[in-house]
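In: Return atomic coordinates for the entry below.
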Amino acid sequence: MRLSTLPFLLLIFLAGCTGQDSLQPATTGLVPSKHFDPVSTLADLPTSYEPVQSGAALSGRLKTEYNAGQLSSEWRYHPNGQLAEFRMYRNGEVQTATQYRYTADNRLRYVQTFTNDCMYRSTSTCSGPVRWNTYDEIETTGEGKISSRKTYLLQNNLWELRSVTDYVYDNRQRLSAAKIYDGSKQLSSTQELTYDSNNNITAIKETRPNAAAGQTVQVLNYQYAAVKNPYTGLSHYISAFFLSPYLQESAPPATYKLNAGAYPTQIRTDNTNTTLEYY
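Out: Got it, this is the predicted structure:
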């Protein structure tokens, strides 16, 4: 499955310490708003999950992913082209759903995530309804890019601040660095991104403070196939997978079937067979 690393990515951003000043009461009893209505405050968000059943059928945009013949992921879009919802499936049921909420001037304001307990379990028979348990509060630049993201997790009916991420862009408006703080506002890590001539991320250098060693450094390197990436821009996470215009090379190399727009409709490796459908 192409998106199997997403639960791990989510855990990374929720792993920070929590300070007592970061607690906010959870909102209850709200009437769910329409998916495309603009939002400005947390009170504008629905408290229970309602899937985006329709949405804009934007020609060429990724719609559905199947893994080994089973539905694994779906995407829905606003009429103006912005991402409205991304959901992942397990055993035919929604395992996690992420909904993107925008202001009246079409700026991303909140990212609301619903999950069930199966997201963190290995058993294949796990099932259950998804519940709202985390959200991101977003600030944007004048160009509409994310400048800051605060991630909250629901604990004992209180929203706890788990991390704050500040974004830095280069003169080509590419994300060049990010500083990640924990819930106590202490620096957790710094990430620096390097690009190739095709705007693919070739390396992410992560530096973490370390009381014993001063700091620890990890560098992740990436290589790419000559195949367009249909997942580009379909997540707010800092990830080479979602920020690069070409698909990452796999080992052993994958084989592809492409559509007329040169995007893959099938991705095969020794262990996976992924089928993609587009609007």
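In: Could you tell me how many residues sit around Asn171?
Out: The number of residues packed near Asn171 is 6, by other CB atoms under 10 Å. (Glycine included, C-beta is placed from N, CA and C.)
In: ok now the longest strand that the chain contains, how far from the chain's centre?
Out: Ranked by number of residues, the top strand in the chain under DSSP state E is strand 158-169. The chain centroid and the centroid of strand 158-169 are separated by 14 Å under CA atoms, centre = their mean, to the nearest Å.
In: could you point out which element follows it?
Out: Once the chain leaves strand 158-169, the next helix or strand it forms, by DSSP states H and E, is strand 175-182.
In: Tell me the buried residues in that following strand?
Out: Buried residues in strand 175-182, counted by 16 or more other CB atoms under 10 Å: Leu175, Ser176, Ala178, Ile180, Tyr181, Asp182.
In: What's the first helix or strand after that strand?
Out: Following strand 175-182 in sequence, per DSSP H and E, is strand 187-195.
In: gap between the two ends of stretch 251-267?
Out: 13 Å (CA to CA, to the nearest Å).
In: Please enumerate residues in contact with it?
Out: Residues outside stretch 251-267 that contact it (CB atoms under 8 Å, 6 or more residues apart in numbering): 2, 60, 62, 225, 227-228, 230, 247, 268-270, 273-278.
In: Give me the buried subset of the residues you listed.
Out: For the contacts of stretch 251-267, a burial check counting by 16+ other CB under 10 Å picks out Arg2, Leu62, Ala225, Val227, Lys228, Pro230, Leu247, Thr274, Thr275, Leu276, Tyr278.
In: what residues are up against the residue lying closest to Thr194 once chain neighbours are set aside?
Out: The shortest distance from Thr194 to any non-neighbouring residue, by CB to CB, 6 or more residues apart in numbering, is to Ala203 (4.3 Å). Residues in contact with Ala203 (CB under 8 Å, 6+ apart) are Leu193, Thr194, Val219, Leu220, Asn221, Tyr222.
In: Look up how far Pro253 lies from the fifth one.
Out: This points to Asn221. 17 Å (CB to CB, to the nearest Å).
In: and if you look at the fourth one?
Out: Distance check for Leu220 against Pro253: by CB to CB, it reads 19 Å.
In: between the two, which one's more packed in?
Out: When Leu220 and Pro253 are compared on other CB under 10 Å, the one with more neighbours turns out to be Leu220, at 12 against 9.
In: Let me see the confidence value for the most far-flung residue of the chain relative to its centre.
Out: Centroid-distance maximum for the chain: Ala212 at 32.7 Å, with CA atoms, centre = their mean. pLDDT for Ala212: 72.
In: same question, Thr27
Out: 41.
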